[in-house]
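Participant: Predicted model, plus sequence, below.
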Amino acid sequence: MKRIIPTLLLSTALAVPAMAEQHAEPVEQGAKNVPEFEPAWPNQTRAPALDSGIDLAVQEVATGLVHPWGIEVLPDGSYLVTERAGRLRHVSRAGEVHDPIAGLPEVFAQGQGGLLDVALAQDFDTSRTVFLTYSKPMEDGMSATAAARGTLSEDMTQLTDVTDIFVQSPPSPTAKHYGSRVVLDGDFAYITTGEHSSMQERDYAQDFDKTYGKVIRVGLDGTVPDDNPYVADGETAALIWTLGHRNVQGADIRPDTGELWTLEHGPAGGDELNKILKGENYGWPVVSYGEQYSGGPIGIGEPRREGFAEPQYYWDPVIAPGGFAFYEGEMFAEWNGNVLASSLAPGGLVRLTLDGDRISGEERFIPDQGRIRDVEIDADGAILVLVDADNGKVLRLTPEGSGS
């Protein structure tokens, strides 16, 4: 396959400029879809625009990927990248895209479905265990969000012992809104699902006998943890950690607290960044800060109701978020603990600063690089993003002038 750039050497830590004063006005983003909805607290939306004083240098690590969806950094500094069509690729640090890895499960690569996320077991160095999420083909042309684990060969060419640890139920006839990130936390895996978008199926996000629109929590082998919140309420409910989600395509553990946070697509308006708390209901499709694409109301036509958890932040108009990461590293030392979120529309990278659990500012980067599907932090602290396109890319972002 094509070799794109010379091997990238790990750089030493780079001092970045101190954050400039935030502006009182928000980032320029256009009119709200639902201007009558007021936030529950200041800066819950349209937080003050930030100017970090940093310009990002963009390096193409690899091109020629077909709708890349998830990326993981391997211990040797190379990468695993999923392609939605059903291929898992090993990409060298020099940008060489190797042949597809063999042994993957059969994938339902239609609509928004396909091979989606990838994550390494925390003991990958010894176990070689890799976790994947994908849309699984089911009977009668239907499909479901699934998560599997397998063992990656030392030469990066094959997965063996591939076993599902979760399969969404019931299967869906709609090839939309699969979720689906997988985040590993000690002995547990969090798996996010979507509600498949249709007017009938979206209501399933509130149902305890269906795993649509949920954050699922299982053991690394797929067993149900005894401390899940609804473990006594039936076989399906026992899998549920939180409910009331639309289409969660971003998830990460906040490094200073160990909490799971998620990023989900809203309708017209109402993309949400959520702090995930055990057993909470996040409201979809009863309440939303957005509206139907037709302009009609969602659910009760209100953004909030007692008993539903509020998002920590929402966007109106949307950024159409994919994956996100809490930044940890030395290359952008001033950004440690910040949220770095991908945007599919209008495209780019969104940085959020936090004051406790509340968002204090927003900054946007690389608006000219297309649909950004995922964000990961490289071994040296550079920012990796995936461009979701027919000729998709892995991009590496460093501070302008750093020489990294």
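Facilitator: On my side now, so go ahead. Numbers count the residues shown, from 1 in each chain.
Participant: The nearest residue to residue 259 once chain neighbours are set aside: how many residues sit nearby?
Facilitator: Excluding its sequence neighbours, the residue lying closest to residue 259 (Cβ to Cβ, 6 or more residues apart in numbering) is residue 275, at 6.1 Å. (Each C-beta comes from the backbone N, C-alpha and C, glycine too.) Counted with other Cβ atoms under 10 Å, residues neighbouring residue 275 total 17.
Participant: what's next to the helix or strand harbouring residue 396, contact-wise?
Facilitator: In this assignment (DSSP states H and E), residue 396 forms part of strand 392-399. Strand 392-399 is touched from outside by 8, 11, 14, 16, 54-68, 71, 79, 81, 83, 91, 95, 331-332, 349, 365-366, 369, 373, 378, 382-387, 404, with contacts defined as Cβ atoms under 8 Å, 6 or more residues apart in numbering.
Participant: strands paired with that strand, and their directions?
Facilitator: Using DSSP bridges, the strands paired with strand 392-399 are strand 56-65 (antiparallel), strand 383-387 (antiparallel).
Participant: and the helix or strand following the first one, what does it pack onto?
Facilitator: Remark: after strand 56-65, the chain's next helix or strand is strand 68-73, criterion DSSP H and E. Using 3 or more Cβ pairs under 8 Å, 6 or more residues apart in numbering; DSSP states H and E as the contact test, the elements touching strand 68-73 are strand 79-83, strand 115-120, strand 372-377, strand 383-387, strand 392-399.
Participant: Mind putting those strands into JSON lines with mean pLDDT and distance to residue 196?
Facilitator: Supplementary listing: these in JSON lines, determined by pLDDT from 0 to 100; distance: least, Cβ to Cβ, whole Å:
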{"stretch": "strand 79-83", "mean pLDDT": "98", "distance to residue 196": "20"}
{"stretch": "strand 115-120", "mean pLDDT": "98", "distance to residue 196": "14"}
{"stretch": "strand 372-377", "mean pLDDT": "98", "distance to residue 196": "19"}
{"stretch": "strand 383-387", "mean pLDDT": "98", "distance to residue 196": "23"}
{"stretch": "strand 392-399", "mean pLDDT": "98", "distance to residue 196": "24"}
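Participant: Columns mean neighbour count and distance to residue 193 on top of the strands paired with strand 392-399, output as TSV?
Facilitator: Output for those, formatted as TSV (neighbours: other Cβ atoms under 10 Å; distance: least, Cβ to Cβ, whole Å):
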stretch	mean neighbour count	distance to residue 193
strand 56-65	19	25
strand 383-387	25	21
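Participant: secondary structure element for residue 89?
Facilitator: Going by DSSP H and E, residue 89 is in strand 87-91.
Participant: burial of residue 115, as a residue count?
Facilitator: For residue 115, using other Cβ under 10 Å, the count is 26.
Participant: Report the contact partners of it.
Facilitator: By Cβ under 8 Å, 6+ apart, the neighbours of residue 115 are 69, 82-88, 104, 107, 109, 132, 134.
Participant: ok, the residue nearest to residue 203 when sequence neighbours are not counted to residue 242 distance?
Facilitator: Leaving aside its chain neighbours, residue 203 sits nearest to residue 285 (6.4 Å; criterion: Cβ to Cβ, 6+ apart). According to Cβ to Cβ, to the nearest Å, residue 285 and residue 242 sit 15 Å apart.
Participant: Looking at the two, which is more packed in?
Facilitator: Neighbours per residue (other Cβ under 10 Å) separate residue 285 from residue 242, with residue 242 holding more: 25 against 22.
Participant: shouldn't that one be in contact with residue 282?
Facilitator: Yes - using Cβ atoms under 8 Å, residue 242 makes contact with residue 282 at a distance of 6.4 Å.
Participant: which ones are touching residue 372?
Facilitator: With Cβ under 8 Å, 6+ apart, residue 372 has these contacts: 322, 342, 343, 344, 347, 348, 349, 366, 385, 386, 387, 388.
Participant: just these now: which is nearest residue 271?
Facilitator: Of all the contacts of residue 372, residue 343 has the smallest distance to residue 271: 9.2 Å, by Cβ to Cβ.
Participant: looking at the sheet around the closest one, what are its partners?
Facilitator: residue 321, residue 348.
Participant: give the contact list for it.
Facilitator: Applying Cβ under 8 Å, 6+ apart to residue 343 gives the contacts 319, 320, 321, 322, 349, 350, 364, 371, 372.
Participant: which among those residues end up buried?
Facilitator: Buried by 16 or more other Cβ atoms under 10 Å: 319, 320, 321, 322, 349, 350, 364, 371, 372, out of those.
Participant: what's the neighbour count on residue 309?
Facilitator: Going by other Cβ under 10 Å, the residues that sit close to residue 309 add up to 18.
Participant: Not counting residues beside it along the chain, what's closest to it?
Facilitator: That would be residue 280: by Cβ to Cβ, 6+ apart, it lies 4.4 Å from residue 309.
Participant: Tell me the spacing between residue 380 and residue 125.
Facilitator: Using Cβ to Cβ, residue 380 is found at 19 Å from residue 125.
Participant: More neighbours: those two, which one.
Facilitator: Taking neighbours as other Cβ under 10 Å, residue 380 and residue 125 compare with residue 380 leading, 20 against 10.
Participant: Tell me if I'm right that the more buried one and residue 402 touch.
Facilitator: No - under the criterion of Cβ under 8 Å, residue 380 makes no contact with residue 402, lying 10.4 Å away.
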